[in-house]
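Undergrad: Have a look at this prediction, sequence included:
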Amino acid sequence: MNRAILFLCVLCTALLGSNGYLLYINHDLIQQHKIDQAIQLPTLDAPISPIAVHSAQGAAHPLVFSPDGTHDRLLLVLSPDCPYCKKNWPMWDALIKDLGPGVDTTYFDVTGKFDQKVSSEHHIPSEQLVTASLDSAIMARIIGTPTTILIGRNGKVRHVWQGVLDGDALAQIVAMSKADVTE
């Protein structure tokens, strides 16, 4: 009996020590990337600065949200390994179908690991797929996946939806994209 209690005490101490170490590493990573939990989303009604990205072919270029565009832009922030992104694919597919050609879509992979299998599985045109480094995504306040961002023709963020979309969110996005943006 005493050995069992001693074993449990040693095990608990080891687990507490390893959890403390993991928390220390996590804190160190947050400090390293200067992630402020309060500013992880793009600011509504504000422009998004150009983001350094790579195309599906690997070419580096800035992703620019022009204030003189003729269409709204739907920015789908994703990660190929994200289980919630996988749940969101049917919603994104339905949304893109409902929006039609009046809204440009950009698939924004924050991991740089987006592969051709996922791209072909979801019928993503290569010119609509970009990847970004973690630093570029943090600078743009776009790191959570899945995130759906509607950017107006004026280049400003109209709305941000985090997580898996539901029917109400789909209806809201479609309605917002059809509403005229002044200014």
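TA: Structure's in. What do you need?
Undergrad: With residue 118 as the reference, measure out to the residue nearest the centre of the chain.
TA: Centroid-nearest residue in the chain, with CA atoms, centre = their mean: residue 77, separated by 3.0 Å. Applying CB to CB, to the nearest Å, the value for residue 77 to residue 118 is 14 Å. No exception for glycine: its C-beta is placed from N, CA and C like everyone else's.
Undergrad: what about the protein, any weak spots by pLDDT?
TA: 1, 8-40, 67-68, 115, 180-183 (pLDDT under 70).
Undergrad: And the contacts of the helix or strand hosting the residue nearest to the centre of the chain?
TA: Here residue 77 sits within strand 72-78, counting by DSSP states H and E. With CB atoms under 8 Å, 6 or more residues apart in numbering as the test, strand 72-78 has contacts from 65, 85, 88, 92, 95-96, 99, 102-110, 114, 142-153, 158, 173, 177, 181.
Undergrad: C-terminal to it, what's the next element?
TA: Heading C-terminal from strand 72-78 (DSSP H and E), you reach helix 83-99.
Undergrad: Remind me what that following helix packs against, helices and strands.
TA: strand 72-78, strand 103-109, strand 147-151, helix 167-178 (3 or more CB pairs under 8 Å, 6 or more residues apart in numbering; DSSP states H and E).
Undergrad: Using a markdown table, lay out those together with distance to residue 134.
TA: Formatted as a markdown table, the entries for those read as follows, by distance: least, CB to CB, whole Å:
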| stretch | distance to residue 134 |
| --- | --- |
| strand 72-78 | 13 |
| strand 103-109 | 11 |
| strand 147-151 | 15 |
| helix 167-178 | 26 |
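Undergrad: The spatially closest residue to residue 169 that is not a sequence neighbour: what's it in contact with?
TA: Spatially, and ignoring its direct neighbours in sequence, residue 169 is nearest to residue 161 (5.3 Å; CB to CB, 6 or more residues apart in numbering). Contacts for residue 161 (CB under 8 Å, 6+ apart) come out as 147-149, 169, 172-173.
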